[in-house]
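> just to be clear, the model below is a prediction. Sequence and coordinates:
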Amino acid sequence: MNAGTGTKLGWGFVAPALLWTLAFFIVPFLVMGAMSFATLEGRSLVWGLHLDNYIELATRAYLWRAILVSLEITVTVTIVSVVLAYPLAAIIAFRVPPQWQRLALLLAILPFWTSYVVRSYAWLLVLAREGLINQALMNVGLIVEPITLANTRFATVTGFVHFFVMLLTLTIYANLVQLSPNYRRAAADLGANAVQTFRHVILPLTLPGIATGAFLTFVLCIGDYVTPQVLGGNNELTMPQVIMVQLGRRADFPLASALAIVMMAIVTLAYLASARWLRLDRV
Amino acid sequence: MRMAAWLYLILAFGFIYLPVGTLVLFSFQDGTLPVPPFNGPSLQWYTEVLADDDITAALINSLVVAIGSSAVAVVLGFLAAYGLARHVLPGSAIMRGLLIAPLTVSYLIVGLGLLIVLNRTGIGLSLFTAGIGHVVINLPLAFAIIYASMGAQHENAERAARDLGASEAKVVLLVTAPMLAPTLAAAFFLSVTLSWDEFIIAFLLTRFDITLPVEIWSMLRSGLSPRLNAIGSVVFLISVTAVLILEFTVLRRRRS
């Protein structure tokens, strides 16, 4: 405790940020929670403890299917991104000369800072019917007719993987460079080959980096509206897309709120599942 | 093995830069479709974009929201970090948790909650309400970054200033804030980058005076166009500039 400063003064410093968070985050969040138990009768809102929205989520096919689609896409994206990012992080950490590593990492994650909307549009340029990939494949003679790449789940997953490979490269690299080279030396001295060293030494030691990145990937991926909307089209809807449909065309705020609560519950479960390895404070 | 590693590195960079490279290349397209074959280079789409009043208005709106909300987030985050790092407060762990909490919730949910409250209270949607939303998402980051660098090494200087008769306000403004300047700058630029690119909250919480990502979103409905490439390239360039400034300030802090 500092001389001449009191608890009251301390409160004075914390109060503005705390009030802001309470007024514009906690209160709206609680209202949204209450809203998920309200129902619409015609156009008017009836507050109360109705379970209608949650029952609807469990029984209406296009609603629970959206939850499934979101989960499938998110799990696919998380796994593919980890598998692609790990070698990249390892190459930057172990093969690129130390004085170039910072630059290599900065370059590897620079497009990470493109806005969601612009990045998704850029992938559309690549994947569209008349886009880069189709034109290239037709010029080489591999295909005669353009193949459908945009407006598919493949396109959504590609757009997501692109983004999260960069994020995961960052978290896994941060983990890899913390490892002392002695671990690898010791493993080699004990006769382990490169594969054994990786499986039994490096991989277990980098689980925190993987878990942290994978958790962030999961959270950001499941909550994103833009990527599936631009790249996936409307063939199958994810949870955020359904929430936006409810807000827009139907103005069904209670149902949108219930879906948002379900989304949060899924994220909480993912957190509990990975909490053992998470090092969120070290990101 | 070594060859395979370099090959993978090249392929990975190719994948990472494929979309943004295509975006920038075809922003110089001479023609109306941003797809191969490339004819150009031509600056016609940039001149057209810069002459478009809707786009320039949205660009200015975005800058205003980004700078305004980041300034508020950094000031609030700095004060809270100072209060929690330098004063013994009951329940400080809970307060830290509360301040960090918005980080764990997706932007869509933050926007949805605010939209419901704003609708209920009859407060109209505007650039200002989008700014409020952006402070909500940037305050936790600003607080966390600044709190992490509130090391004890600065405490002696603060104590000395106090002993010499400085008021608490003077200590904060003239001693603590200048010592933390690189951190404050880093928090500010990170916050600007995130707010500048943010779409969903701005989309939900603005109505007429929209930000640039929202303007781009509405242009997307008419399909591929070199205009979108040009404006997307401008957005990317501004983000990269902010990130490089951030990198520079963080680097400088690490060295000192």
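Structure received.

> so B:Phe143 versus B:Leu76, what's the distance?
With the distance defined as C-beta to C-beta, to the nearest Å, B:Phe143 ends up 8 Å from B:Leu76. Bear in mind the C-beta positions are built from the backbone N, C-alpha and C, glycine included.

> overlap of the contact sets of the two?
When contacts are counted by C-beta atoms under 8 Å, 6 or more residues apart in numbering or on different chains, the set common to B:Phe143 and B:Leu76 consists of A:Ala17.

> for residue 224, give me the pLDDT.
Here I'm looking at chain A. Here the pLDDT value assigned to A:Asp224 is 94.

> my bad, chain B
According to the predicted model, the pLDDT of B:Leu224 comes to 87.

> burial of the residue nearest to it when sequence neighbours are not counted, as a residue count?
When the adjacent residues along the chain are set aside, B:Leu224 lies closest to B:Pro34, with 5.5 Å between them (C-beta to C-beta, 6 or more residues apart in numbering or on different chains). Other residues near B:Pro34 come to 30 when the count uses other C-beta atoms under 10 Å in any protein chain shown.

> now B:Pro34: phi and psi?
Main-chain torsions, B:Pro34, degrees, to the nearest 10: phi -80, psi 50.

> please report how far it lies from B:Pro226.
The spacing between B:Pro34 and B:Pro226, counted by C-beta to C-beta, is 5 Å.

> pull up the overlap in contacts between those two.
Taking C-beta under 8 Å, 6+ apart as the contact criterion, the residues that touch both B:Pro34 and B:Pro226 are B:Phe26, B:Ser27.

> ok, the biggest helix by length in chain A near chain B or not?
Here the longest helix in chain A is taken by residue count, with DSSP state H as the criterion, and it is helix A:61-94. Yes. In terms of C-beta under 8 Å from any C-beta of the partner chain, part of helix A:61-94 sits within range of chain B, namely A:Leu84, A:Pro87, A:Leu88, A:Ile91, A:Ile92.

> for A:Leu170, see how far away B:Ala46 is.
That one is not Ala; residue B:46 is Tyr. Here the distance between B:Tyr46 and A:Leu170 works out to 32 Å (C-beta to C-beta).

> neighbour count winner among the two?
Neighbours per residue, other C-beta under 10 Å: of B:Tyr46 and A:Leu170, the larger number sits with A:Leu170, 21 against 18.

> name the residues of the helix or strand containing the more buried one that are buried.
Taking DSSP states H and E as the definition, A:Leu170 sits inside helix A:153-176. Using 16 or more other C-beta atoms under 10 Å in any protein chain shown as the test for burial, helix A:153-176 gives A:153, A:155-176.

> residue of the stretch 101-250 of chain A with the smallest distance to chain B?
When distances are taken as C-beta to the nearest C-beta, the stretch 101-250 of chain A approaches chain B most closely through A:Gly223, which lies 2.6 Å from it.

> that residue against B:Ser106, yeah?
Yes. Using C-beta atoms under 8 Å, A:Gly223 makes contact with B:Ser106 at a distance of 2.6 Å.

> which residues are common contacts for the two?
Both A:Gly223 and B:Ser106 are in contact with A:Pro240, A:Met263, A:Val267, where contact means C-beta under 8 Å, 6+ apart.

> number of nearby residues for the second one?
When neighbours are counted by other C-beta under 10 Å, A:Met263 registers 23.

> any idea which element it lies in?
Here A:Met263, judged by DSSP H and E, is contained in helix A:253-274.

> ok, now the first one?
Here A:Pro240, judged by DSSP H and E, is contained in helix A:239-247.

> now that helix: mean pLDDT?
Summarised as a single mean, pLDDT over helix A:239-247 is 93.
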